[in-house]
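J.: Predicted structure and sequence below. I'll ask about it afterward.
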Amino acid sequence: MGSVISYLIDAAPPKTSYSVDQIPDLTGKVVIVTGANTGIGKETAKALLAHGAKVYIAARNQASSEEAIRQLKQETGNEAIFLTLDLANLKTIKASAEEFLSKETQLHILINNAGVMASPVELVTADGYDLQFGTNVLGHYYFTKLLLPILTSTAKSTSEGNVRVVNVASCAHLFGGLDFNTFKDGPARKKCSTAGLYNQSKFGNVVLALELAKRYGDQGIISTALNPGNIKSDLQRHVEPQLPSIVKQILANVVLYETSQGALTQLYAATSPEAASLNGKYLVPWARVRSPRQETQDAQLGKALWEWLEEQVKDM
């Protein structure tokens, strides 16, 4: 019952006093936003570019990304940079990180925004992991791990003394948990529903963000997790075809918010001076701190997940 109440509270958030106008000057800051070719990520990149940041759009679809970069330049006057990133393929993740590191010596903000939702259960990653967990959790973990050296060195060299890693989770974590037997393809995973696997991945995002905060907070990493809100975006592309038309109308007109709203909380976490004190915290719409599901805070679970993730990439 508590999870349902928390979901309902966050589904209808109060009006916010925070806006993109409060983002500080980001001139000289280097930022990566995964999945910024569309939806909330694109809106996030737009606000960052408008405030002077050097923004890398890390995404799988080059054509879509290049079109997004063209549109964003028209809207902001500043040009983002495309970085190939397929979070469902560990080898290409390594190549993406290496490409970025060959171009930059600093990274001030990493926004792990990309994700998949409600994909068919039969879909798995290139390495045989559940597509949703493999993309949303393992993929982002590995990308972040490879960038930790540049993140920590940047933190040491900046006047702020910290860098931000923002992990986009969801209110869906309220209904999730971690079953390690379902992270990779196998009989246990095939018995799961696509919604259950999505909830698990978002639960994992919250657990991982807290563990990152614990392990690297003393090196200047400010790691947060957040629920961006119920947003109109193509994240629901696998869900909408299954819904009755009346439900689609209710979602569009009552429940779902615009992508510009969805970007607010992650922009706050990534750029607000106040958010520098939020290491390990969980945010909800719009730019507010709240407690996540209590089970995500279990220290042993966080340690076990981190060690499992480390094991998956140790030979890459």
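T.: That came through, no problem.
J.: Ala225 falls within a helix, correct?
T.: No. The assignment for Ala225, made by DSSP: H, G, I helix; E, B strand; the rest coil, is strand rather than a helix.
J.: mind checking the SS state of the residue nearest to it when sequence neighbours are not counted?
T.: Leaving aside its chain neighbours, Ala225 sits nearest to Ala209 (3.6 Å; criterion: CB to CB, 6 or more residues apart in numbering). C-beta coordinates here come from the backbone N, C-alpha and C atoms, glycine included. Look at Ala209: counting by three-state DSSP, its state is helix.
J.: residues in contact with Ala209?
T.: By CB atoms under 8 Å, 6 or more residues apart in numbering, Ala209 lies in contact with Val165, Asn167, Ala169, Ser223, Thr224, Ala225, Gly280, Tyr282.
J.: Surely the fourth one touches Asn205?
T.: No. Counting by CB atoms under 8 Å, Ser223 stays clear of Asn205, with 11.0 Å between them.
J.: any common contacting residues for the two?
T.: In contact with both Ser223 and Asn205: Asn167, using CB under 8 Å, 6+ apart.
J.: How far does stretch 178-191 sit from its chain's centre?
T.: When distances are taken as CA atoms, centre = their mean, to the nearest Å, stretch 178-191 is centred 22 Å away from the chain's centroid.
J.: following the helix or strand bottoming out on mean pLDDT in the chain, which helix or strand shows up next?
T.: One helix or strand of the chain scores below all others by mean pLDDT, DSSP states H and E: helix 245-250, with a mean of 39. Per DSSP states H and E, helix 245-250 leads on to helix 259-271 as the next helix or strand towards the C-terminus.
J.: State the mean pLDDT of that next one.
T.: Averaged across helix 259-271, the pLDDT comes to 93.
J.: What residues of it count as buried?
T.: Within helix 259-271, the residues scored as buried using 16 or more other CB atoms under 10 Å are Thr259, Gln261, Gly262, Ala263, Leu264, Thr265, Gln266, Leu267, Tyr268, Ala269, Ala270, Thr271.
J.: on contacts alone, who are the packing partners of that helix?
T.: helix 39-50, strand 109-112, strand 163-168, strand 221-226, strand 282-284 (3 or more CB pairs under 8 Å, 6 or more residues apart in numbering; DSSP states H and E).
J.: now with 6 Å?
T.: Judged by 3 or more CB pairs under 6 Å, 6 or more residues apart in numbering; DSSP states H and E, helix 259-271 is in contact with helix 39-50, strand 109-112, strand 163-168, strand 221-226.
J.: CA atoms only for the third one, dumped as CSV, please.
T.: Taking Å, rounded to 0.1, in the frame of the first residue of the first chain, the C-alpha atoms of strand 163-168 are listed here in CSV:
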residue,chain,number,x,y,z
VAL,A,163,31.2,16.5,-10.4
ARG,A,164,27.7,15.1,-10.9
VAL,A,165,26.5,11.7,-12.0
VAL,A,166,22.7,11.7,-12.5
ASN,A,167,20.9,8.4,-12.8
VAL,A,168,17.4,8.5,-14.2
